[in-house]
Every structure is written in structure tokens, then in C-alpha cells.
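> Would you be able to build a 3D model of this:
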Amino acid sequence: MEQLTDRITIDETICNGKPTIRGKRITVQTILEFLSAGDSAEDILKQYPSLELSDIKACLVFAAEMMNRGFSFKTVA
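Modelled structure (predicted):
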């Protein structure tokens, strides 16, 4: 298991290796999708009582860090 922050982990045996929160079966992507749909952190914490506000903040930090990486796009013919 790779620890990316103090709360975000990647384990190839959990959720097909997607980044999850503290090894739970809750992906960073799921939390980001809730936030982008307009749900508040409070709404998410009601849906997932095992999470903490720091977990949601860690998802945002993780996403921001991923944007610091280089990306390139290939044109598909």
C-alpha cells in the first residue's frame, strides 16, 4: 500500500487501485464528484459517517497535487 498523504492511500487490492481514503472503499474520485455536484462537506459526512472533515480536505489537496504533474494528450486518428 502506498501512502500518498496522511489520509490518501493506493492499494491495488482495494477499488482496483484507485486512490482511497485511509484504505476504506471510498475513493477520492467519489468525494470529488460529490463536491463538484454541489454537495457540502457536511452532506458528505452524513452520507459517510466513517469519514472526517480532514479526509475531505485531503481529497482536495490530493487533486491539487495531481494538477502539479505534467500531462500530455495524444490525438487519436
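> Pull up the distance across stretch 42-58, start to finish.
15 Å (Cα to Cα, to the nearest Å).
> Run the chain-centre distance for that stretch.
In this view, stretch 42-58 has its centroid 12 Å away from the chain centroid, taken as Cα atoms, centre = their mean, to the nearest Å.
> cool, and stretch 70-77?
In terms of Cα atoms, centre = their mean, the gap separating the centre of stretch 70-77 from the centre of its chain is 24 Å.
> does the nearest residue to I21 once chain neighbours are set aside belong to a helix or a strand, and which?
Closest residue to I21 apart from its sequence neighbours, by Cβ to Cβ, 6 or more residues apart in numbering: D55 at 4.7 Å. C-beta here means a position set from N, CA and C on the backbone, and glycine is covered the same way. Using DSSP states H and E, the element containing D55 is helix 53-67.
> quick one: contacts of that helix?
Residues from elsewhere that reach helix 53-67, judged by Cβ atoms under 8 Å, 6 or more residues apart in numbering: 4-8, 19, 21-22, 28, 31-32, 35, 41, 44-45.
> Give me the buried entries from the residues you listed.
Using 16 or more other Cβ atoms under 10 Å as the burial test, those include 7-8, 19, 21-22, 28, 31, 35, 41, 44 as buried.
> Would you format those as JSON lines with secondary structure, pLDDT and distance to V76 included?
As requested, those are arranged in JSON lines below (DSSP: H, G, I helix; E, B strand; the rest coil; pLDDT from 0 to 100; distance: Cβ to Cβ, whole Å):
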{"residue": "R7", "secondary structure": "coil", "pLDDT": "93", "distance to V76": "36"}
{"residue": "I8", "secondary structure": "strand", "pLDDT": "93", "distance to V76": "31"}
{"residue": "P19", "secondary structure": "coil", "pLDDT": "94", "distance to V76": "26"}
{"residue": "I21", "secondary structure": "strand", "pLDDT": "96", "distance to V76": "33"}
{"residue": "R22", "secondary structure": "coil", "pLDDT": "94", "distance to V76": "37"}
{"residue": "V28", "secondary structure": "helix", "pLDDT": "97", "distance to V76": "27"}
{"residue": "I31", "secondary structure": "helix", "pLDDT": "98", "distance to V76": "30"}
{"residue": "L35", "secondary structure": "helix", "pLDDT": "98", "distance to V76": "30"}
{"residue": "A41", "secondary structure": "helix", "pLDDT": "97", "distance to V76": "38"}
{"residue": "I44", "secondary structure": "helix", "pLDDT": "98", "distance to V76": "35"}
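> Lovely, talk soon.
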